[in-house]
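> any chance you can model this:
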Amino acid sequence: MALQTATALTAAFVAGRTLWPDHWAWVVLSAYLVCSGARSRGDVLVKGAWRTLGAAAGTLAGGALSGTFGPRSDTAVVLIFAVLAVATWLRELSYAYWAACVTAVLCLLYDWFGQDPGSLLRTRLAGIAVGALIGLAASWLVLPIRTAAVARARTAAALAGLGELLEADWHDVRAVRRGGQPGPSLIKSLINRRTTLG
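Here you go, the predicted model:
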């Protein structure tokens, strides 16, 4: 993963500085976010797609909001915080929601400063798409991690946890039949397995 990320960031710096010298950071940040923590080629593909699609949805929403509030609007500030709260809540469901909400917040910020968000949001979307493609290419071409191998490892961990859980439950059932009290093994096993699998 370190080699993939280093390759992606090097290519993203070059592409960003060449294509958008004033906004190169969008390409670099997107490549980093797509590569970092990715466990397989499939994982990178999903992260890149969610980031790009979310930013596209946010760009559409931002375009619809453009010019609604005007510079230094108090309503825009309240809406910014509301959208960030929703983004934080929805991020657990999908990264696409986070990308969409952050893009909409940027649109509101541009409006608040009196700037035209249209061209900036289009440039940001293009930078995100290029960064995602760079991250995807690096993860697929530089020492790729096969999705099937990751899926097998996760399945094995889940089955091992299920086996421990069923065995702990069986011990509790036998204790109750003997007239005793069920021990904390089932609860402990649930907590330990949830912590281990994340």
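> so, low pLDDT: which residues of the chain?
Scanning the chain for pLDDT under 70 picks out 147-150, 168-198.
> mind listing the helices in this protein by residue range?
2-19, 24-35, 41-65, 74-90, 95-112, 117-141, 147-177, 185-197 (DSSP state H).
> contacts for the shortest one next, please.
So that's helix 24-35. 1, 4-5, 8-9, 11-13, 15-17, 19-20, 44, 47-48, 51, 123-124, 127-132, 134-136, 138-139 (CB atoms under 8 Å, 6 or more residues apart in numbering). Using the backbone N, CA and C atoms, a C-beta is placed for each residue, glycine as well.
> pull out the buried residues from that helix.
W24, W26, V27, V28, L29, S30, A31, Y32, L33, V34, C35 (16 or more other CB atoms under 10 Å).
> what of the first one?
Neighbour-count burial for helix 2-19, with 16+ other CB under 10 Å as criterion, is recorded at Q4, T5, T7, A8, L9, A11, A12, F13, A15, G16.
> one step back: highest mean neighbour count out of the helices of the chain?
With neighbours taken as mean count of other CB atoms under 10 Å, the helices of the chain reach their highest mean count in helix 24-35, at a mean of 23.
> that one vs helix 41-65, what angle?
140 degrees (axes from the mean of the first three to the mean of the last three CA atoms, to 10 degrees).
> only alpha carbons, please: show helix 24-35 as PDB.
Once non-C-alpha atoms are left out, helix 24-35 reads as follows in PDB (Å, rounded to 0.1, in the frame of the first residue of the first chain):
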ATOM      1  CA  TRP A  24      -3.500  21.000  -7.900                       C
ATOM      2  CA  ALA A  25      -4.300  20.000  -4.300                       C
ATOM      3  CA  TRP A  26      -7.700  18.600  -5.400                       C
ATOM      4  CA  VAL A  27      -6.000  16.000  -7.600                       C
ATOM      5  CA  VAL A  28      -3.400  15.100  -4.900                       C
ATOM      6  CA  LEU A  29      -6.000  14.800  -2.100                       C
ATOM      7  CA  SER A  30      -8.300  12.700  -4.200                       C
ATOM      8  CA  ALA A  31      -5.500  10.300  -5.100                       C
ATOM      9  CA  TYR A  32      -4.500  10.000  -1.500                       C
ATOM     10  CA  LEU A  33      -8.000   9.400  -0.200                       C
ATOM     11  CA  VAL A  34      -8.700   6.700  -2.800                       C
ATOM     12  CA  CYS A  35      -5.400   4.900  -2.100                       C
END
